[in-house]
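1. no sequence on this one, just coordinates:
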C-alpha cells in the first residue's frame, strides 16, 4: 500500500450500535498514526496519536488499535450516539503527514 | 487549548483576483504551520510547510508563485492565491504545530474558495 486508505467511505448506523472502520497505510518507515474527528463546519479534532505496534488507545466510547507490521489501524465506537456523526480521518506520519479520505459516519437517532 | 482560527471561512471571487487566507494560532506559538487543499471526496493534500521566519517548503506540483505563503510571526501564517482561476476553487485548511516533539497538528476550520 503506497497511500493511506480508509474504509468504508461512509457508514450509517442506528443510535446504540457499535461500529468500526479501518485505516490502511504503508507498513515501512512508520513513525506515527493519527486519528482525527471532523465535524461539519468545525476544525478537525485530534483523537489519538499511536506510535507502537500493538498500541490500543481509548477515549470514552472511542478506541483505536494499531498494527504497524501489517499496516492497519481500527477505530471502534461503542454505543454510537448522534453526536458521534462526523468524518473520521487517519493520517500516516513518517516524514510528513499523509491523510486518508476519511470515513463519514452518520448515527441516526 | 490549542485553538487555530482561519479567516475567511468562505470567499467568492472573480477570476484574476487574488485572495488572502489567514491562519492564526490563538493560544500557543506555532513554530510550524501547514497548508492543505481538499477536493471533493478526496484526502487532504499537503501544499506547503512554513516555519516562522523562513521560506515555505512547497510540495511537488504546487506553484510557489501562485500560492504565496508568509509566516511572519509565531501565531500567523497567510496563504495568498494569486490571480485565481476557477480551477483553484477548493477547500483550503491550515494546521499548526507547537513543536516537533508533540507531532500533533491543530487544524483551523478551513476556507471554501470559489472562483467565478
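-> Alright, I've got the coordinates. Quick caveat, the model's predicted, so the values are computed rather than measured.
2. If you drop the residues flanking it in sequence, what lies closest to the residue sitting nearest the centre point of chain B?
-> Against the mean C-alpha coordinate of chain B, by C-alpha atoms, centre = their mean, the closest residue is residue B:35 at 3.5 Å. Spatial nearest neighbour of residue B:35, chain neighbours left out: residue B:47 (4.6 Å); criterion: C-beta to C-beta, 6 or more residues apart in numbering or on different chains. (C-beta placed from N, C-alpha, C; glycine too.)
3. Count the neighbours of the one you found for me.
-> The tally of other residues near residue B:47 (other C-beta atoms under 10 Å in any protein chain shown) stands at 23.
4. quick one: it and residue B:38 touch, right?
-> No. Contact criterion C-beta atoms under 8 Å: residue B:47 and residue B:38 do not qualify, at 10.4 Å.
5. who's in contact with the residue nearest to the centre of chain B?
-> By C-beta atoms under 8 Å, 6 or more residues apart in numbering or on different chains, residue B:35 lies in contact with B:23, B:46-50, B:67, B:69, B:77, B:79, B:92-94.
6. same thing but at 6 Å, please
-> For residue B:35, the contact set (C-beta atoms under 6 Å, 6 or more residues apart in numbering or on different chains) comprises B:47-48, B:79, B:94.
7. what's across from it in the sheet?
-> Beta-bridge pairing of residue B:35 under DSSP bridges involves residue B:48, residue B:94.
8. So it versus chain A, what's the distance?
-> Between residue B:35 and chain A the distance is 12 Å, computed by C-beta to the nearest C-beta, to the nearest Å.
9. Tell me how far that residue lies from residue A:16.
-> To residue A:16, residue B:35 is 40 Å away according to C-beta to C-beta, to the nearest Å.
10. again, but for residue B:67
-> 46 Å.
11. Same question for residue B:112.
-> According to C-beta to C-beta, residue B:112 stands 34 Å off from residue A:16.
12. ok, the two, which is more surrounded?
-> Using other C-beta under 10 Å, the more surrounded residue of residue B:112 and residue A:16 is residue B:112, with 15 against 11.
13. Flag the shaky bits of chain A, pLDDT-wise.
-> Within chain A, the stretches with pLDDT under 70 are A:1-2.
14. redo that, cut-off 90
-> For chain A, the stretches flagged by pLDDT under 90 are A:1-3, A:27-30, A:41, A:93-97.
15. Spell out which parts of it neighbour chain B.
-> Contacts of chain A with chain B, taken as C-beta under 6 Å from any C-beta of the partner chain, map to A:32, A:42-44, A:46, A:49, A:99-101.
16. Count residues in the vicinity of residue B:82, would you?
-> Neighbours of residue B:82 under the rule other C-beta under 10 Å: 15.
17. now residue B:5
-> Around residue B:5 there are 15 other residues, counting by other C-beta under 10 Å.
18. likewise the one 10 residues further on?
-> Around residue B:15 sit 12 other residues, with neighbours defined as other C-beta under 10 Å.
19. Read off the pLDDT value for it.
-> We have a pLDDT of 97 for residue B:15.
20. OK, contacts around it?
-> Neighbouring residues of residue B:15 by C-beta under 6 Å, 6+ apart: B:85, B:115.
21. Residue A:37 versus residue A:59, what's the distance?
-> As judged by C-beta to C-beta, residue A:59 and residue A:37 stand 10 Å apart.
22. Which strand or helix spans residue 23?
-> Here I'm looking at chain A. Here residue A:23 sits within strand A:19-24, counting by DSSP states H and E.
23. switch to chain B, that's the one I care about
-> Using DSSP H and E, residue B:23 sits in strand B:19-25.
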